[in-house]
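Engineer: okay, structure incoming, though there's no sequence with it:
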């Protein structure tokens, strides 16, 4: 039983390449006093990890070169010297990109794979779902009948945003890249419409899909899509700024030209990350768990097989090649 | 007794020129049933008027070509057929750029030139003062000890913002154009510092003036100044977006390149105009009146003499040539 780890080998300047990672083998860790060992079943890949790879100031501590890449996994406790966790318990932990990791229990969540599937705790009933819930309810504050637009609508966060908005009686419009994702968002997830930004008619398509303008925009991408959306925002509308994936490789791509719209329409914008609102997690997770358990909140997963494929899957995620929540299956 | 009026002669595309206005003489109006006639003493010139000159969508109804320019004045009732106003009353009315105007009482405020000077009801105890109050308190929400930065700090709104912030125990830092304005803001108004953006060291000057970063930014100008400020905003800071005077002649000048800061530092931005918050006016005006009456809120005025000079004074205002509240004295 050897451990396998993915280390950050070098900081990218611009695009991430597989050469920025290094895969190493090591001994499987043992639990120290007050610790337990987790065997990871699924590793979560998330856009925020790109920011951790940079040296610049960000909202999160950066990853260290030569260390295991940061990340969250779900798995099973296989050895414990911690009085609250036993072998056989299933947990969500921040053990990073590796097969086995230790924890002292900090930030760990016990999970029940009999209630919803194990992997869902990394998606709709985990950080992405809570991010959708907080951005929509805390910052978007939609009222029934309003129009909610979300970018990266086929992703783990975006797909939840639109479905939660629909459950609140809103018109939900997605923006995604490519026909297949848009068909999925509109037909399987039940959004009222989904716009393919790659089709090149974003402005006209927004006008057609949002005949009463846009009241809430949940932004995961930034850049030209945000610029296009701004021209359709209603007076006193709200923007929940959750991600800027279009600018991870080129910050200049995040330039906003239609900034005047913020004053003309008295738009409120709030950048946020889900850990700003720890007080909201418990209630959000309970609601999200119930919705998934009852089949009222759907999700889709892109699953890479084997830790050695995590770097390539992560690069694909940054390029929008995933379809739903990106995971790496480790067992 | 002839009336004189300034009409909007043509809509500018870009810079405003005197040729966009036309001055005409007409008969002095008479009061119809339920109306009164005001002889204006001071006309207020305000940046928002530039937006009214355009044909494009804005937060306010546009001015009509061939009609009297919109605007607010303070003056004396000289004839009345309205049961609530008598000759000799002083009022603030929206009679526009003319010497005499009629009113049916809608939107009129009775004022007392014995409490604070007549012209102050167009500035610190009028719309600009209320704008400062609302943007700071409703959207900026500073706490004692926080750093508040305001652009156009020598202007009618900006000068009130910084003084109100100081009264709440904040560090107040202004941004203004030119040494004379900065000296006035720092030395006479009591801001902790004032940065001359024309000196060309905005980034370094902001770092020096805001050693603990910026918690609240009250923006009157937009454009490159906003871009520079964004790099110094603290986590969970707030931006009250009140004006974008740098973009009135060239909307491209409002492009924001450092938009990524909104997510990195979870900044809240809110565009607003003072008429969005009519419920707050009464309390704000009472507080502002008391502060001016007691000499605790200072202001300065740039006064053009004669209505025929209103177009030139307005163009000067758009170019930052005013120093404090821009007025036109009519009597």
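Structural biologist: That came through, no problem. A quick note: this is a predicted structure, and the numbers were derived from the prediction, not measured.

Engineer: which of the residues in the helix or strand bottoming out on mean pLDDT in chain A are buried?
Structural biologist: Taking mean pLDDT, DSSP states H and E as the measure, helix A:48-52 is the helix or strand of chain A with the lowest mean score, a mean of 89. Within helix A:48-52, the residues that count as buried by 16 or more other C-beta atoms under 10 Å in any protein chain shown are A:48-52. The C-beta positions use only the backbone N, C-alpha and C, and glycine is treated the same way.

Engineer: domain parsing for chain A?
Structural biologist: A:2-122+A:300-329, A:127-275 (automatic domain parsing).

Engineer: give me whichever of these is most buried.
Structural biologist: Stretch with highest mean neighbour count among these: domain A:127-275 (a mean of 22; mean count of other C-beta atoms under 10 Å in any protein chain shown).

Engineer: now do that one: distance to the chain's middle.
Structural biologist: Computed by C-alpha atoms, centre = their mean, to the nearest Å, the chain-centroid distance of domain A:127-275 equals 14 Å.

Engineer: so is that domain next to chain B?
Structural biologist: Yes. Using C-beta under 8 Å from any C-beta of the partner chain, domain A:127-275 reaches chain B at A:222, A:235-236, A:241-244, A:247, A:251-252, A:254-257, A:259-260, A:262-273.

Engineer: now do that domain: distance from first to last residue.
Structural biologist: Start-to-end span of domain A:127-275 (C-alpha to C-alpha, to the nearest Å) is 9 Å.

Engineer: same check, this time on stretch A:101-109
Structural biologist: Length of stretch A:101-109, first residue to last, C-alpha to C-alpha: 15 Å.

Engineer: now do that stretch, average pLDDT.
Structural biologist: For stretch A:101-109, mean pLDDT is 95.

Engineer: which outside residues touch that stretch?
Structural biologist: Residues outside stretch A:101-109 that contact it (C-beta atoms under 8 Å, 6 or more residues apart in numbering or on different chains) are A:29-32, A:34-38, A:40, A:73, A:82, A:84-85, A:91-95, A:121.

Engineer: from residue B:88, how far off is the residue nearest in space to the middle of chain A?
Structural biologist: Taking C-alpha atoms, centre = their mean, the centroid of chain A lies closest to residue A:128, which sits 4.3 Å from it. Distance, residue A:128 to residue B:88, using C-beta to C-beta, to the nearest Å: 68 Å.

Engineer: now do the closest residue in space to residue A:21 that isn't next to it in sequence against chain B, distance only.
Structural biologist: Spatial nearest neighbour of residue A:21, chain neighbours left out: residue A:311 (4.2 Å); criterion: C-beta to C-beta, 6 or more residues apart in numbering or on different chains. Note on residue A:311: its distance to chain B, by C-beta to the nearest C-beta, to the nearest Å, is 24 Å.

Engineer: ok, which stretches of the stretch 201-331 of chain A are helices?
Structural biologist: Assigned by DSSP state H, counting those that start in this stretch, the helices in the stretch 201-331 of chain A fall at A:202-209, A:223-230, A:260-264, A:281-293, A:310-318.

Engineer: from the buried residues of helix A:48-52, pick the one nearest residue A:188.
Structural biologist: For these, the closest approach to residue A:188 (C-beta to C-beta) belongs to residue A:48, at 26.0 Å.

Engineer: where does pLDDT dip in the stretch 151-300 of chain A?
Structural biologist: For the stretch 151-300 of chain A, applying pLDDT under 70 flags no range at all.

Engineer: correction: the stretch 1-150 of chain A
Structural biologist: In the predicted model of the stretch 1-150 of chain A, residues A:57-61 satisfy pLDDT under 70.

Engineer: still on that earlier bit, give the contact list for the residue nearest to residue A:21.
Structural biologist: By C-beta under 8 Å, 6+ apart, the residues touching residue A:311 are A:6, A:18, A:20-21, A:23.

Engineer: of all the residues you listed, which two lie farthest apart?
Structural biologist: A:20 and A:23 (11.9 Å).

Engineer: do you know how far residue A:99 is from residue A:24?
Structural biologist: Per C-beta to C-beta, residue A:99 is found 12 Å from residue A:24.

Engineer: what touches both of these two?
Structural biologist: Shared contacts of residue A:99 and residue A:24, counting by C-beta under 8 Å, 6+ apart, come down to A:4-5.

Engineer: touching, residue A:193 and residue A:209? I think so.
Structural biologist: Yes. Counting by C-beta atoms under 8 Å, residue A:209 is a contact partner of residue A:193 at 4.1 Å.

Engineer: what about residue A:165, which SS state?
Structural biologist: Following DSSP: H, G, I helix; E, B strand; the rest coil, we place residue A:165 in the helix state.

Engineer: ok, the closest residue in space to it that isn't next to it in sequence - contacts?
Structural biologist: Among residues not flanking residue A:165 along the chain, residue A:148 sits closest, at 4.0 Å (C-beta to C-beta, 6+ apart). By C-beta under 8 Å, 6+ apart, the contact list for residue A:148 reads A:136, A:140, A:142, A:161-162, A:165, A:170-173, A:214-218.

Engineer: any idea what residue A:148 is bridged to?
Structural biologist: With DSSP bridges as the criterion, residue A:148 is bridged to residue A:172, residue A:216.

Engineer: over to residue A:37?
Structural biologist: residue A:79, residue A:102.

Engineer: re earlier: any chance of TSV for the helices of the stretch 201-331 of chain A, columns distance to residue B:156?
Structural biologist: Formatted as TSV, the helices of the stretch 201-331 of chain A follow (distance: least, C-beta to C-beta, whole Å):
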stretch	distance to residue B:156
helix A:202-209	38
helix A:223-230	29
helix A:260-264	18
helix A:281-293	45
helix A:310-318	48
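
Engineer: to residue B:199, which of the ones you listed lies closest?
Structural biologist: When those are compared by C-beta to C-beta, helix A:260-264 sits nearest residue B:199, at 26.6 Å.

Engineer: and that closest one, what does it pack onto?
Structural biologist: strand B:268-271 (3 or more C-beta pairs under 8 Å, 6 or more residues apart in numbering or on different chains; DSSP states H and E).

Engineer: how close does residue A:36 get to chain B?
Structural biologist: Per C-beta to the nearest C-beta, residue A:36 is found 33 Å from chain B.

Engineer: what sits against residue A:297?
Structural biologist: Going by C-beta under 8 Å, 6+ apart, residue A:297 touches A:124, A:129, A:160, A:163-164, A:288, A:291.

Engineer: chain neighbours aside, what residue packs nearest to it?
Structural biologist: residue A:291 (3.7 Å).

Engineer: swap in residue A:252?
Structural biologist: Using C-beta to C-beta, 6+ apart, the nearest residue to residue A:252 is residue B:257, at 7.0 Å.

Engineer: wait, what's in contact with that neighbour?
Structural biologist: By C-beta under 8 Å, 6+ apart, residue B:257 lies in contact with A:252, A:254-255, B:227.

Engineer: just residue A:266 next, same as before
Structural biologist: A:235-236, B:59, B:270-273, B:276.

Engineer: next, it: phi, psi?
Structural biologist: Backbone torsions for residue A:266, taken as degrees, to the nearest 10, come to phi 50, psi 50.

Engineer: and if you look at residue A:28?
Structural biologist: Dihedral angles for residue A:28 - degrees, to the nearest 10 - are phi -70, psi 130.

Engineer: also residue A:29?
Structural biologist: According to degrees, to the nearest 10, residue A:29 has phi -70, psi 160.

Engineer: go on, residue A:8?
Structural biologist: Dihedral angles (degrees, to the nearest 10) for residue A:8: phi -80, psi 110.

Engineer: now do the phi/psi pair for the residue nearest to it when sequence neighbours are not counted.
Structural biologist: Among residues not flanking residue A:8 along the chain, residue A:63 sits closest, at 4.8 Å (C-beta to C-beta, 6+ apart). Here is the backbone geometry of residue A:63 (degrees, to the nearest 10): phi -80, psi 150.
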